[in-house]
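Student: Take this sequence and fold it.
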Amino acid sequence: MSLLDNFPHTCTAKRRTRTKGTLAGSKDSFVTTVFSARACWRQLANDAEIREFEKRGISVTDKIYFTTDPGLDERHIIEIDGEILEVRSEAGPDASAGLGVVYRVMAERTTTGSTP
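Tutor: Residues are numbered from 1 along each chain as shown. The predicted structure follows:
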């Protein structure tokens, strides 16, 4: 059995929906579930990845791998083990050390703001 057959985490992804508030403001909600209980592998972003995104003004803390394209972009959040991560990059193929092709999403853990 390979690692790709046994990713250690499961996650839920939801898409942001922006609605107009009563006082002309807008409000984000995350009611549209894209997928639930999907196998993934969450790792901390390394220093080079953090610096690469900082050059573009984007903060990242984690990278999440999937065996197939999850179809996620910056409109989504991911919940893993009760933590909310905001997606900061589109899912893209990432060739990984003889394991085959996996898809990687860069994300940021947040303590304020988004709640599902």
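Student: I'd like the mean pLDDT over stretch 68-81, please.
Tutor: What stretch 68-81 shows for mean pLDDT is 92.
Student: and what of stretch 36-46?
Tutor: Averaging pLDDT along stretch 36-46 gives 94.
Student: Could I get the buried residue list for it?
Tutor: By neighbour count with 16 or more other C-beta atoms under 10 Å, stretch 36-46 contains the buried residues 38-42, 45. C-betas here are computed from N, CA, C, even on glycine.
Student: and the residue nearest the centre of the chain, what does it touch?
Tutor: In the chain, the centroid-proximal residue (C-alpha atoms, centre = their mean) is V87; its distance is 4.0 Å. V87 is in contact with 72-78, 105-107, counting by C-beta atoms under 8 Å, 6 or more residues apart in numbering.
Student: And P8, by the same measure?
Tutor: By C-beta under 8 Å, 6+ apart, the contact set of P8 is W41.
Student: now stretch 32-44, how far from the chain's geometric center?
Tutor: The chain centre lies 8 Å from the centre of stretch 32-44; the measure is C-alpha atoms, centre = their mean, to the nearest Å.
Student: try stretch 32-45
Tutor: Distance of stretch 32-45 from its chain centroid, counting by C-alpha atoms, centre = their mean, is 7 Å.
Student: circling back to that earlier point, what is the most widely separated pair among the contacts of V87?
Tutor: Greatest spatial distance among these (C-beta to C-beta): R75 and M106, at 14.4 Å.
Student: returning to that earlier point: among the contacts of V87, which lie within strands?
Tutor: Cross-referencing the contacts of V87 against strands under DSSP state E gives 76-78, 105-107.
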